[in-house]
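Peer 1: structure for this input, please:
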Amino acid sequence: MGSTRVSRFILVAAAVACLTASAAFAADPIQAGDVIHFFDGPGASPGGEFQVTKTPTNTATWLFSTFCVQNTEYMQFYPAYQGGFNVVGITDHVVLGNTSLSPKAAYLYTQFRSGTYSLFDYVNPTQRNTDATLLQQAIWNYQGIGSYSNKYTTDADAANWTGIGSVRVMNLTWAASYNNNQFKAGDNAQDVLTIVPVPEPVFLQFGVLSGLGGFALWRRRR
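Peer 2: Just a heads-up that it's a prediction; the model follows:
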């Protein structure tokens, strides 16, 4: 009976750990088919932060900050451009060149979005501007855009992620023409990063509690 209790405790702890990890921070309320807009956030041009919104007439309504994963596609901020961008896909790759999202870039965006990344200053505006610039450069580095080395590349190299977790790429197109048709409706736009829901573990889909009960019964009948 003692070993049964210990085994059940271990399984419960594992289930709670999985649920806690999945709920570390909420997925972004964006899906394919949406039209989004951007405000200019901290960081030096031409990189992020870019602040994403669905209701651009109110600058307080931005949903989350993101960074770009290309340097040969473009975007424009509201209100200079008011047509928005179509979310045509949420994938694991950049449209142009079909470049896969780097696990190390995904690691850095995950740390940034946690809101508690020790290397990133979320409070001081001047330092946040510097940190956003460096973080964007590190993301570009891992996407094969230039060669950068800074505190973020050092951290990502040490972490050495091999997967992309809950980070994905929003594939975007221009929803309206802009700048005398330099960019036409339907043209590819700058792809950016987003957070998606973490898939529920298979054992939770079948009901962790019923599974634990069955395991305990099996242990007692041995």
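Peer 1: for this protein, what spans make up the strands?
Peer 2: 35-40, 50-53, 64-66, 85-91, 93-94, 99-100, 167-174, 192-195 (DSSP state E).
Peer 1: got a list of contacts for the last one?
Peer 2: By that I understand strand 192-195. Identification of contacts with strand 192-195 by Cβ atoms under 8 Å, 6 or more residues apart in numbering yields 25-28, 30, 48, 50, 52, 64, 66-69, 75, 90, 101, 105-106, 109-110, 113, 139, 166-170, 172. Bear in mind the C-beta positions are built from the backbone N, C-alpha and C, glycine included.
Peer 1: buried members of those residues into ChimeraX, please.
Peer 2: Applying 16 or more other Cβ atoms under 10 Å to the contacts of strand 192-195, the buried members can be selected in ChimeraX as follows:
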select :27,28,30,48,50,52,64,66,67,68,69,75,90,101,105,106,109,110,113,139,166,167,168,169,170,172
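Peer 1: compare the strands of the chain and give me the one nearest residue 131.
Peer 2: Checking the strands of the chain against residue 131 by Cβ to Cβ gives strand 64-66 as the closest, at 11.7 Å.
Peer 1: and that closest one, what other elements does it pack with?
Peer 2: Strand 64-66 sits against strand 50-53, helix 103-113, strand 192-195, with contacts defined as 3 or more Cβ pairs under 8 Å, 6 or more residues apart in numbering; DSSP states H and E.
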